[in-house]
Each structure stands twice: as structure tokens, then as C-alpha cells.
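In: sequence and predicted structure are below.
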Amino acid sequence: MVHEVVNQVMGVSEGLLPFLLLVPLVAAVFVLFGAPARPVSVGAAALNLGLALCQCVTYEKPFSYTLFDVVPSLDLKFLVGLDGLSLMMVLLTTLVTLGAVWMTSKVESGENAFYASLLFISAGAMGAFISFDLFFFYAFHELALIPTFLLIGIWGHGDNRVAAAWKITIYLAVGSIVLLVGLIGLYGSLPVGQRTFDLVKLRELATTTSLIAPSAQRWIFPLLLAGFGILISLFPFHTWAPEAYAAAPTPAAMLHSGVLKKFGLYGLLRVAVPLLPAGMQAWTNVLLVLLIGNILFVGYVAVAQKRLDLLLGYSSVMHMGYIFLGIASLNIIGLTGASVMMFAHGLSIAVLFAVAGEVRARTGTMRLDELGGLAQPMPYLALIFGLAMFASIGLPGFANFASELMVFFGAFGAGSGAFGYEAAVAGKFNLYQIATVCGLWGVVVSAIYMLRAYRRVFLGPLRSTSADVAAAGHPVTDDLSGNRRWALALLMAGLVVVGFRPGLLVNALQPVLLRTLPANVSATTMLPASGVPAHPQAAVVAVVPPRG
Amino acid sequence: MSPIYLEAAVVVLGVFLLALEMFVVQGEKKILAWLGIAGLGIVLAASFFVDQTAPTGAVPSYHAFYSTDSLAMFFKRFALVTTIIVLVMSVDYLGVVRKFTPGATAHGGLGEFLALPVLTCAGLMWMASAVDFVMIFVSLELVTISFYVLVSYTRRNAASLEAGVKYLILGALSTGFFVYGITWVFGLTGQTNLEQVSAVFAAYQGSTAPLLFAFVLLVIALGFKIAAVPFQIWVPDVYQGAPTPVAAFLSVGSKAAGFVVFIRVLRTFFHATAIAHKIDLLLVAVAACTLVYGNLAALPQNNLKRLLAYSSIAHAGYLLIAVASSADPASGGAIAFYLAAYLPMTLLSFLVMIVVANYSAGDDIADFNGLSKRSPFLAFAMLIAMVSLAGLPFTAGFFGKFLVFTVAIAQHQTLLVILGIITVACGFYYYLRVVKAMYFEPDTTPSGQPGGQIPVGLLTRVTIAVLIAAILVLGIYPKPALGLLGSAAPQEAAGVLRSVSPQVVLR
């Protein structure tokens, strides 16, 4: 009896999955045609968060089903589904979307188009995360391209906004087309008769046989790495990101840096790692070198920044390096860490950009030397910024800490052949361990620029930049008011909950990620037997702070 | 009923419109356009009920010239739809025609402008069916000569006259090449029917030089029609000078008909296995040049018509990628779908341009500044057209490019794929420049009334809405369209293109 009810609820919630995509899309169209923008958008975002939570509660095991066929001869269909990884991304998307829409301040002209663009970006990300079909997975991400272009170009900040809009759009377009070629190449390299865009089928085929010839994998993987890499702002393709985020209106920066950028990482985990293991292994060293560039080079560039928005942009690029490190380590701990960090970083950077946007709205400047002492008039914003900053640096208690720890453990233990730890003890560091050490130093670097930014912006004597700022209608003394406090509190709550109970995510992620790992790799790169259980699942539990 | 009655009906309609023009002197000439649209619509509907099966037994003699295969049917419908939309554009364009035509009063001198596209349409439909070099030549000339008149129709406009002369001279030159090519083929084979030519080619043992020479001559002539580099010189000037509906007609109708003839001729020459390698090389070279030239030359354009002219060259390049990958059985489907996608997005951009140009100084990109404030509807329509031309997902253009890249990668056309990546990125830049003008720039119409709304007639409004819907439906849910094509072009175009001689596959 109870079982039946449970089954029924499960069935309903599975059926509700497409609504996660439909709600923002339909709301966007309504808003575009003149429905009251803010209420409809916030309502849709809240409804979507509810739907996502409903999926979280009822989620038991991965599922997927076909909505409609597109090209039967290519086995191309609109396949939607959920597993632990996409569930986490869906939750992240809905959380950040609600935060971004909620935090949107008054839009002077074209309010409806503004909110519709935000909803389109959110729908694009959502579509990418719930599509289990390579084609739609790719296509939905592109849905966000034009709204981003318009948001930055029309409502962006500064004189640089049109240039920044061009830069992000051309970069992402190039990244996407490289990615498309890589994906079609992947499709074309499948044995005839097994060609499909169906990711579920592909993964099953990949676990049983070596699906794609290693020689083919070696040229497809760099295409995917470059394509996804441009979207993720992998060093040296990262220069679009800080400029675009600095020029973008706050909610767009929140959505893009928090959610959309994770699409590339999600794609690596979903497509590149499971389907192209040989290609991955062949190109890991290149990836490791590039991600050190992400962590150290971009980290130091962030230190040199004189504007808060650019600093946050570079910090967001820098943290991609850690996620890459987790993925590159190719073991269950590293992958879990990388996945959790996608969630953690998405929330923390969204909060940081939101606060920066509020500061800009109140003072009219983002220059660190013109700001100061803002904790006095706006204690709430200062508190939230401080918390998000500590989260971003990786202090315990926040999700970022748990994930960084897993990434470092995973990466340090990684490496081909001998167990990493033993090699390290013998004094022979492999590239993984060098990267891990660089990553650890990167934590220090990020502490340097974050703490300095905090001191410059919020501490010290109040430097209400000038009378003309106040005259221009910037109410310097106001703190964040009313219900918009709750928007930031919501995002921070996500960070804290996962920070104290990372098991919530880890348990959902592990079955997926275990299947993601190619069998031979996960067997050779587990933690050594000494003291730590060799079973990968148990190993993670040992690393993660005890649940509860 | 044989499909040949469709062409007959269109010719009768065209002549009827010409004759009718004498009697509607008092009224608005627009009624001619409406009659033309209605008539072509009826023919389009009838095309779904004609008997396509090739006759058996006592074959009527014209079947040696005239094919009724599904490739032909697909391109006949294509020509009909194009012409209908071109007539819709012409209605909006009549004011401009009137201004630049001496002797044209509000009542006279416009009939031919509406009747000639209908006659051109008949030519395009014949081209789709022509399977004999003589027939191909005659129908090609019917189309080309109609275009000579149409391009220079607004004869008080110097640019239009210049365009007409350029098109006439280069068109005549390409006709010369075509006839010369036919002569060589006839000299080699003693046949003009494509099927019989194929049979002779398949058994051909002699020197390959004359074969190649004939092929090159034909490629030059057809390259002119489809605007392939290096036979594209006329395109930008003619598009910019010609009346806008005619430019649209050239860009879509003429190009598609050129491609169907190109496919048929290519199919014939693939039977000559001795030169298949060289044909492949030639195709790759032409495709590569067309891609690079069209896209790079489009980058600095400031005039939208010129931009669309280069874009039309660029899209010919993408189509040629699929042609160059014709060893893949899916390539015919890719070509057909790409053309089907190319139709709504190109016609939509030309249509919006006509409406906007009517209310501003010209058709420079700068004239679109701030269009999103003057007319959100037109700006949105243009946005969809540009985004589709650039190839963003969920638009027809993306799916076309997706299919093209799929066959190219399957055929390991590495060079073309790499060039494709670069040129698609270029495309994003020049198409989004229009979007930038419409949405980012302040409204600076030189002709005054900033913020003034642009009125859009009902017929135009409906047509724009239908074209937007077509672009989105083809992009989001192409299955029905592909199914329609599946029963039409692909098998014919693709399967047969190479299946007779599988050993020619290069790689």
C-alpha cells in the first residue's frame, strides 16, 4: 500500500521533470509578451526551486525517458532524465536563478526583456542539465548565448560593455562550434549500427566495451577539452570571463558565473571522462599544466586587480582550476570533490557578485581605492560578503572546504602506475602532486586577494566616494533591505548545509561518478591500502567530514 | 495527372497576370500580386496530388527531358514557396519601384514586376525536372532572362541599371561556358540525356582530359548560378543594385535551382570513375574558397544587402561542404534540409529589410539602429533571422549546419571542417552586428521621427510570423520536415549520387 503510493509519487515526479524546463521558458515568453515582469519571474523561479526540491526528495535512482523523436535515422531524440549529478546541477540552477531574479534591482528600461533574458539563460542551463541526449545537451547551452549578449550589451555597466559583450559571445561561439565538431566526431567514431546521441546508451556501451578506438579518442578529446575549456574559462582561454562579468548586470553575472560556466565541467564529467578514457589519459598532462595556469597565473592576476568586479571575475576563473584538478585526478575522490565544488563555487560566486552589485548600486564605483568602510552603513551585506568570501577561500563549515579537501586528496593520490602517495614519500612527485601543491599555494593566494578586497571595501574609514555619488541618487548609507536579504540568505544556507553535511551530495553523486570512471582507471588509482579502505566508496566517506 | 501540368498552370497564370494588367488600370496593381499569390498557392497545393510515378510502357516523349522524381518535386515546391513570398515582398516594395520607374504612375507600369516572378517560377520548376542538357539549358535561360529584366527593373536607379548590365554580361558569359560544356559532352557521348550520358560515361575508356574539360566548363557555368567562388564576382553588386525582392529571389530561388542542376550533372559525371578523384578535389577546393571568401568578405560590410549577398556566398559554401562529402548517403538530405532552412531565414531577413528600408533612408546596417524601440516585432523577426543564419541551436540554420557537419566529419573532410569552424565564428560576428545595431544603438534614423513606429501591413505581418514559426519549427522539431524531405529529395539526391560507383570513395 505504502509502496504503491510511493511509486505513484515517484512516477508523478518523474513526469514533472520537463516542467523544470517548461516553467522558465513559458514564463519568459509570457514576460516577453508583457506579463508583469518581476512577479512572474520570481514566481516562476520559486516554483522551479520547488520542483527541483520535489525531485530531490523523491529521487531514488537515475531515470530517463524520451519526450519526442527528432531524427530517427541518427538516433537523435529529446531524452530527458536525472541522475545524482544532474540533480545537483538542477538544484544549483534553480537556487541561483531564484537568487538572481530576486536580487534584480529596478531596471530602467525594457524591464520585461531583461527578466525574459534571465529566464532564457536559466532555461538554457536547465535544459542542458536534464537532457540525456548529446544534441540537446549541447543545443540548450547555446540558448543562453544571445540573451547574455543582449543583457551585457544593453543593460551592462561601463563603457566597455559592448566590447565585453562581443568578447564573451565570440569566445563562447567559437568554443561551442569546436565542441560541436568534437561531439559530432565522437558520434561519427562510434561503430556503425551503434551510433546514437543517447547518453544513457552510450555510457552503458562504454562500460562493457571499448567503444571508440583509442586513436579516435586522442583527437576527439582535445576538441572537447578546448570546446568545454573555452566555456569554462580554462587558461589560456579565460580572458573573456572577468571582463564579461565586470560589465554584465549583476543577475546575469550571477547566473553565468554560477551556473552556465558549470556546463562545461558537467560536460567533461558527463561526456569526456566516461566515453573517452584513453583520450583523457593521453591529454591529462596538458590539462594539468593548463590548470596550474588557472590556479597560479590567474590567481596572481587576481591579486593585481584594482577593481572588485574584475577581482571576483578572476577569482572565479581561478577556482575553475581546482575543479579541473579534481576531474583530472580521475579517481572517485577527485571527481566527487570536483562535482561538489561545482555546486559550492556556483553558490559562493553568485553571492559575491550579488553583493558586489549592491555595492556598485550604492557607491557608483567598483574601484578598490575609492571604496572603504562600507561595513558601517551596510552590516548585512558586509556579513554576507565575508561569509561568501571565507567559503570561497575554503574555510571549514562551507561546502567549498569539503570539496577542496576531496580534490586535494584525490589529486595527490592520483597518477598512473604506482600509487601516488608512495611515489611522493619516495621524493618523486609526479605532475599531479606538483599541481596539488600549486593548488594548495593557490588557497593562500586566494586568501590574500580576498581578504585584501574585504579590508579595502568594508573595513577602515568610510569613504563615501564623493558628494556627487550621493547626488546621483546612490543612497550610500542603506543596507540591503527587506525581503532581498532572504535571497542571499538562501544561497548561503545552501553552502552551509552542504558544508556541514556533504554526504547529502556525495551519496547522490557517488553511484553516478563511479560509473563515470573507466573500470581500469578506478582500480589502479584508489587510495593505498595502508589504513584507508581500498573500496572507493568507503574511501570517500573516510575523507569527507563525518556526516551529521 | 502528370506534374508537367504544374508548370503549365504557372505559365498560364503568368500570362494571365500580364493580360489582366491591361484591365486593372483603374485599380491598385496590388491585386495582381494577390492573384499571383493565390494562384501559386493553388498550384502548390496541387503539387501534393499529382501522379509522381514514372510512366511505364508507351512513354510520352517528353519524359526523356522531364523527370518526375521526388528531387524534382521537392524543388518545384521550393520554387513555388519562394515565389509566393517574393510576391508578398513585392507588394511592400511597389512604392520604391514606382519611384524609380519612368512613366510608372500609381496605376501603370508595375504589372510586369509582378508577372515576371511568376514566369521565372515556371522556369525554376522546369529546371528542377530537367534531365536533358537541352532542357536544362532552355529552362536555365528562361530563368536567367527573366532575371535580366527584373534586376534592372527600377531603371531610373543607376545602381539597378549597373546591376542589370553586370548580371547580363556575366550571365551571358556563363551561358557561353554552359553551351560549350554541353558541346563537349555531346561530342564525347553523342547524347544529351543525362541518363544516357551516364551510361556512356560509365563505360568510358578514353582519355580523361576531355571529360575533365567538359566538367570544368559546366562547373563554371553552374558555379555562377549558385554563387560559388571564384564565380561570385557579380553577387554583391547585383544584390545591392537589384530591387530587394529580386535580390531575395536570386538568393534563394536561383541558387536552389542551380543546386538541383548541379546535383544532377554531378551525378552524371560520377559515373566516369576515372575522374572521380579529380572531381572530389575540385569540389573540396571550390567549397573551401567559397566558405572563406564569403565569410571573410562579409565581415567589413556596412550595407545589409551587401552583407546578405556575401552571406549567400557563405551559405553556398556550407552547401558545397555537403556536396563535397557526397560519398556519404546522408549528404543529399543535408543539402535538401539546408536549402529548406535557408529559404525562410533569408527571405525573412530580406522581407524585414524591405519594410524597414521603406521607413528609413536606406538599407545600411546603421539604418537598423534602435529598431528594437521603433518596432519590437520587426527587430525580433530580424533577430531570429540573423540568429538562424549564424546557426544557433533551435533554429533551422543550426540544424542545417549540424547535418552538413555530420556528413563532412563522417567523410573526414578535415580541411573543410576546420574552415567551417573558423567561418561559423566569423558568421557570428557579422550577423550579430545587425543585432547589435537593432538592440544596443540609440535610434538615429536620419529621416526623422525617432521613436516613430513602423507600420506593418497585415499580409506582411502574417508572412513574417509564418517565416519565424517555420525557422523555429525546423530548428526544434525537424522530424516532420525531415520526413517530408525523406520521401522527397534525400534518397534521390544522396543515394543515387554515388551508389552506382562505390569504388570512387576517395578515402
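Out: Now that the structure is in, tell me what you want to look at. Residues are numbered from 1 along each chain as shown, chains lettered A, B, ... in the order given.
In: got the contact list for the closest residue to chain A within chain B?
Out: Chain A sits closest to residue B:393 of chain B, with a gap of 3.3 Å, by C-beta to the nearest C-beta. In this view, the C-beta of every residue, glycine as well, is placed from N, C-alpha and C. Neighbouring residues of residue B:393 by C-beta atoms under 8 Å, 6 or more residues apart in numbering or on different chains: A:138, A:139, A:140, A:142, A:143, B:475.
In: which residues touch the last one?
Out: This means residue B:475. Applying C-beta under 8 Å, 6+ apart to residue B:475 gives the contacts B:341, B:388, B:393, B:394, B:395, B:396, B:397, B:398, B:399.
In: that one: helix or strand, and which one exactly?
Out: helix B:458-476 (DSSP states H and E).
In: so for that helix, mean pLDDT?
Out: Mean per-residue pLDDT for helix B:458-476: 90.
In: now it: buried residues?
Out: B:459, B:460, B:463, B:464, B:467, B:468, B:470, B:471, B:472, B:474, B:475, B:476 (16 or more other C-beta atoms under 10 Å in any protein chain shown).
In: cool, and stretch B:123-135?
Out: For stretch B:123-135, by 16+ other C-beta under 10 Å, it's B:123, B:124, B:125, B:126, B:127, B:128, B:129, B:130, B:131, B:132, B:133, B:135.
In: that's a helix at the third one, yeah?
Out: Pointing back at residue B:125 there. Yes - counting by DSSP: H, G, I helix; E, B strand; the rest coil, residue B:125 is part of a helix.
In: that one: what's it in contact with?
Out: Residue B:125 makes contact with B:6, B:7, B:10, B:75, B:76, B:79, B:80, according to C-beta under 8 Å, 6+ apart.
In: find the nearest non-adjacent residue to it, please.
Out: Nearest non-adjacent residue to residue B:125, counting by C-beta to C-beta, 6 or more residues apart in numbering or on different chains: residue B:76, 4.5 Å away.
In: again, but for the fourth one
Out: Counting by C-beta to C-beta, 6+ apart, residue B:126 lies nearest to residue B:139, which is 3.6 Å off, once chain neighbours are set aside.
In: what residue ranges in the stretch 401-548 of chain A are flagged as low confidence?
Out: Under the criterion pLDDT under 70, the flagged ranges of the stretch 401-548 of chain A are A:415-428, A:464-477, A:518-548.
In: and chain B, by the same measure?
Out: For chain B (pLDDT under 70), the answer is B:25-28, B:53-62, B:102-109, B:361, B:444-452, B:483-507.
In: find the centremost residue of it, please.
Out: With distances taken as C-alpha atoms, centre = their mean, residue B:252 lies nearest the centre of chain B, 2.4 Å away.
In: returning to what we had before: and the contacts of residue B:125, which two are furthest apart?
Out: The largest separation in those, counting by C-beta to C-beta, is between B:10 and B:75 at 13.7 Å.
In: around chain B, which positions in the stretch 151-300 of chain A sit nearby?
Out: A:153-154, A:162, A:165-166, A:169-170, A:173-174, A:177-178, A:180-181, A:184-185, A:187-188 (C-beta under 8 Å from any C-beta of the partner chain).
In: what about residue A:65, which SS state?
Out: strand.
In: that one is in contact with residue A:78, isn't it?
Out: No - in this structure, residue A:65 is not within contact of residue A:78 by C-beta atoms under 8 Å, at 10.0 Å.
In: more neighbours: those two, which one.
Out: A count of neighbours by other C-beta atoms under 10 Å in any protein chain shown puts residue A:78 above the other of residue A:65 and residue A:78, at 20 against 14.
In: where does that one land in three-state SS?
Out: strand.
In: against residue B:477, how distant is it?
Out: Per C-beta to C-beta, to the nearest Å, residue A:78 is found 9 Å from residue B:477.
In: and for residue A:362?
Out: With the distance defined as C-beta to C-beta, residue A:362 ends up 47 Å from residue B:477.
In: for residue A:460, same thing?
Out: In terms of C-beta to C-beta, residue A:460 sits 59 Å off from residue B:477.
In: next one: residue B:216
Out: 42 Å.
In: give me the element residue 321 is part of.
Out: With no chain named, the answer covers chain A. helix A:308-328.
In: wrong one, I was asking about chain B
Out: Following DSSP H and E, the helix or strand that holds residue B:321 is helix B:304-324.
In: could you point out which element follows that helix?
Out: Using DSSP H and E, the helix or strand that follows helix B:304-324 towards the C-terminus is helix B:331-358.
In: and residue 219, what does it touch?
Out: Using chain A. A:185, A:279.
In: my question was about chain B, not that one.
Out: Counted by C-beta under 8 Å, 6+ apart, residue B:219 has contacts B:282, B:286.
In: list the buried residues for the strand or helix carrying it?
Out: Following DSSP H and E, one finds residue B:219 within helix B:209-226. The neighbour-count check on helix B:209-226 (16+ other C-beta under 10 Å) flags B:211-212, B:214-226 as buried.
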